[in-house]
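**Q** Turn this into a structure:
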Amino acid sequence: MTKLSVNLNKIALLRNARGRDFPNVVNFAEKFITLGVQGITVHPRQDERHTTVKDTIELGELLSENNNVEFNIEGYPSEDFLRLVESTKPTQCTLVPDSPDQLTSDHGWDLLKHEKFVKETCSRLSHAGIRTSIFLDPEIEQVNLAPKTGTDRIELYTEAYAASYGTPKNEIIFEKYKKVSLESQKLGLGVNAGHDLDLLNLSNFLTIQNILEVSIGHVLTIECIEQGMESVIKQYLDICNDRQLK
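**A** The predicted structure follows:
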């Protein structure tokens, strides 16, 4: 089953632009949950330019009372971030190699350089009872190193797939994602995916078997503005369910 996890960062960014608590992030999480999403994702950055520590804690409290919806916290595993995750106890923590001033996530971990650090972090989170996922580019070399870190899952960075969608290059790039997904599963890793997936390109991507979760925020927020939340979420859930049945 492919679960849809909605990233609330852009809702938080809109809220922060006006200096008051509107739109309220927790309220929008409740709206998405009512519409049937199976997960909520946040990526609290050090400068709190969108999701804040307060948002993360409040969402953790909300979702601790709902066993049907997973909570995924993304971010670079600084000590402050890890303490926040440990105190919030989400279902999953996705480790992302972002620098503090990075505009958005734009690359996966280089495990040739950072295997020890990622392994120590996964072990720490595992002992806290939190499922781990690491953000990776679709590279076989990186996937083959991933089990050594002790991670439960990988999240494939899908920007290359999304950017090439509808072009002659897409088939080659898609096959690369398919190959690394299947290899990850052979190695015993769960596979998530995220970054610029949308209503146009998601269905084809999910022809890859056993993608467990897609995390979508920026484009989904824009689509909600254009088409309405109820319509957009229904379309995403239909895509995920359709691929599940096949």
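**Q** what bridges to the residue nearest the centre of the chain?
**A** The centroid of the chain falls nearest to residue 215 when counting by Cα atoms, centre = their mean (3.9 Å). Beta-bridge partners of residue 215, counted by DSSP bridges, are residue 5, residue 194.
**Q** how close does it sit to residue 39?
**A** The spacing between residue 215 and residue 39, counted by Cβ to Cβ, to the nearest Å, is 7 Å. Just so you know, the C-beta spots here come from the backbone N, C-alpha and C atoms, and that holds for glycine as well.
**Q** number of nearby residues for residue 112?
**A** 9 (other Cβ atoms under 10 Å).
**Q** Can you tell me the closest non-neighbouring residue to it?
**A** residue 145 (7.0 Å; Cβ to Cβ, 6 or more residues apart in numbering).
**Q** What of residue 11?
**A** residue 28 (4.8 Å).
**Q** how about that neighbour, secondary structure?
**A** helix (DSSP: H, G, I helix; E, B strand; the rest coil).
**Q** Please work out how many residues are found near it.
**A** 21.
**Q** Just confirm it contacts residue 10, I think it does.
**A** No. Counting by Cβ atoms under 8 Å, residue 28 does not reach residue 10; the two are 10.0 Å apart.
**Q** Show me the shaky parts of the chain.
**A** 99-106, 243-246 (pLDDT under 70).
**Q** Now do the closest residue in space to residue 129 that isn't next to it in sequence against residue 43, distance only.
**A** In this structure, residue 129 finds its nearest non-sequential neighbour in residue 89, 7.0 Å apart by Cβ to Cβ, 6+ apart. In this view, residue 89 and residue 43 are 17 Å apart by Cβ to Cβ.
**Q** what about these two, which has more around it?
**A** Neighbours were counted for residue 89 and for residue 43 using other Cβ under 10 Å; residue 43 has more, 23 against 15.
**Q** can you pull the contacts of the more buried one?
**A** By Cβ atoms under 8 Å, 6 or more residues apart in numbering, residue 43 lies in contact with 7, 9, 50, 51, 73, 74, 75, 96, 105.
**Q** list the buried ones in the helix or strand hosting residue 232?
**A** Residue 232 belongs to helix 229-245 when elements are defined using DSSP states H and E. Using 16 or more other Cβ atoms under 10 Å as the test for burial, helix 229-245 gives 229, 232, 233, 236, 237, 239, 240, 243.
**Q** Could you pull up the residues touching the third one?
**A** I take that to be residue 233. 4, 6, 32, 35, 36, 37, 224.
**Q** gap between it and residue 209?
**A** In terms of Cβ to Cβ, residue 233 sits 24 Å off from residue 209.
**Q** Also the fifth one?
**A** Distance check for residue 237 against residue 209: by Cβ to Cβ, it reads 19 Å.
**Q** quick one, helices of the chain?
**A** All helices of the chain, identified by DSSP state H, fall at 9-18, 25-34, 53-63, 79-88, 111-127, 140-145, 159-164, 170-186, 202-205, 218-227, 229-245.
**Q** Could you name the stretch from these that's closest to residue 153?
**A** helix 170-186 (8.4 Å; Cβ to Cβ).
**Q** what does the closest one rub up against?
**A** By Cβ under 8 Å, 6+ apart, helix 170-186 touches 138-140, 143-144, 146, 154, 156, 158, 160-161, 164, 190-191, 193, 204-205, 208-211.
**Q** Any buried residues in that helix, and which?
**A** 170, 173, 174, 176, 177, 180, 181, 184, 185.
**Q** can you redo those as JSON lines with distance to residue 200?
**A** Formatted as JSON lines, the buried residues of helix 170-186 follow (distance: Cβ to Cβ, whole Å):
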{"residue": "170", "distance to residue 200": "12"}
{"residue": "173", "distance to residue 200": "15"}
{"residue": "174", "distance to residue 200": "14"}
{"residue": "176", "distance to residue 200": "20"}
{"residue": "177", "distance to residue 200": "16"}
{"residue": "180", "distance to residue 200": "22"}
{"residue": "181", "distance to residue 200": "20"}
{"residue": "184", "distance to residue 200": "25"}
{"residue": "185", "distance to residue 200": "26"}
